[in-house]
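S.K.: whatever this is, show me its structure:
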Amino acid sequence: MNFSENLQALRKAKGISQEQLAERLDVSRQAVSKWETDGGYPEIEKIMQLCDIFGVTMDELLKGKIDKADIREKYDRHYNAFAKGIATGVFLIIFGVAMSALSSELVEDGSMNTLGTVLLFIFIAAGVALMTIFGLKNEGFKHEHPVMPEIYTPEERELFNTNVFPYLIAGGLALIFIGVILTIINAFAGSNSMFLVFIAAAVWLFVYAGIKRGKYDIKGYNRERDDEHGISANDSPEAVARKKRRSLVGKINGTIMLLATAIFLLIGFVWGIWDPSWAIFPICGILCAIVGIIVNKGD
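M.R.: Predicted coordinates:
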């Protein structure tokens with residue numbers, strides 16, 4: 001690819017128009033159009049600005065070659081592993097709560113309660129470690145690939161959203177329904193803890209489905225990377241407002257989850273009530289989602 005092809009591909013991947021790019025660079029739209037049709041090169045200062053906007057080096061912009069097939073393979077492999085890793089981490093945390101509850105339900109002996117607490121922390125530690133590992137891998141991938149070209153066709157996105165995503169969500173709901181039925185009829189000892197196992201499996205499907213769906217949102221990927229760079233002088237008023245909203249959501253949700261953890265540990269260590277107190281996490285998770293919907297205004 002030459003400069004004109006790279007510029008056009010990067011601009012479209014970022015989801016901005018020629019007018020918006022021209023406004024950021026303080027040039028005319030005709031100038032951007034001329035660059036993209038191989039009618040000339042911008043000044044070195046503008047090239048450096050373009051590198052900052054798109055997160056690429058000067059060599060990549062001027063004479064690099066974007067191999068979409070190679071990028072797609074790397075992107076698919078990374079996000080498929082990321083979805084499974086994060087979903088499994090969340091599953092292990094809820095599964096740990098289930099195993100702790102099971103030990104309390106089956107045996108009243110104090111040693112078993114101690115074992116339940118140990119199991120709880122082992123599974124929580126394993127789940128947090130897994131999410132941390134894949135979270136860091138994801139950050140590394142995004143740092144290596146700050147801008148992603150549009151690698152999926154509208155048909156591919158539509159196929160996932162209509163033929164895959166609904167069935168993953170339906171499968172999760174079915175697992176919850178089965179768990180509820182078993183708990184209501186109290187079919188066997190430890191059915192309450194088994195309900196949590198079904199919940200853990202359902203949440204695995206929900207998390208996996210959500211991340212996989214987000215994988216197809218390339219514009220969202222690029223917008224998120226742009227937001228992480230903070231507010232700059234080149235941002236449009238809409239981008240500035242969006243970044244401020246997302247920053248506020250992050251601060252509020254971080255505070256909510258820190259308080260949830262503090263309350264959970266306080267109730268557990270002071271009163272020894274580990275089993276019911278875990279409910280604070282899904283409650284606060286729902287609260288975080290509500291905060292995101294309200295503050296982001298549908299963004």
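S.K.: which parts of the stretch 51-200 of the chain are strands?
M.R.: Taking DSSP state E, counting those that start in this stretch as the test, none of the stretch 51-200 of the chain falls into strands.
S.K.: low-confidence ranges in it?
M.R.: Counting by pLDDT under 70, the stretch 51-200 of the chain shows low-confidence ranges at 55, 63-70, 104-113, 186-192.
S.K.: hey, where'd the helices end up in it?
M.R.: Ranges of helices in the stretch 51-200 of the chain, per DSSP state H, counting those that start in this stretch, are 58-63, 68-106, 110-144, 154-163, 165-185, 191-215.
S.K.: contacts only, for the closest residue to residue 133 other than its chain neighbours.
M.R.: Nearest non-adjacent residue to residue 133, counting by C-beta to C-beta, 6 or more residues apart in numbering: residue 85, 7.0 Å away. C-betas here are computed from N, CA, C, even on glycine. Taking C-beta atoms under 8 Å, 6 or more residues apart in numbering, we find residue 85 in contact with 130-131, 133-134, 137.
S.K.: coming back round to it: in JSON lines: the helices of the stretch 51-200 of the chain, plus distance to residue 266.
M.R.: Converted to JSON lines, the helices of the stretch 51-200 of the chain look like this (distance: least, C-beta to C-beta, whole Å):
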{"stretch": "helix 58-63", "distance to residue 266": "51"}
{"stretch": "helix 68-106", "distance to residue 266": "17"}
{"stretch": "helix 110-144", "distance to residue 266": "15"}
{"stretch": "helix 154-163", "distance to residue 266": "42"}
{"stretch": "helix 165-185", "distance to residue 266": "28"}
{"stretch": "helix 191-215", "distance to residue 266": "22"}
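S.K.: out of these, which gets nearest to residue 48?
M.R.: helix 58-63 (7.3 Å; C-beta to C-beta).
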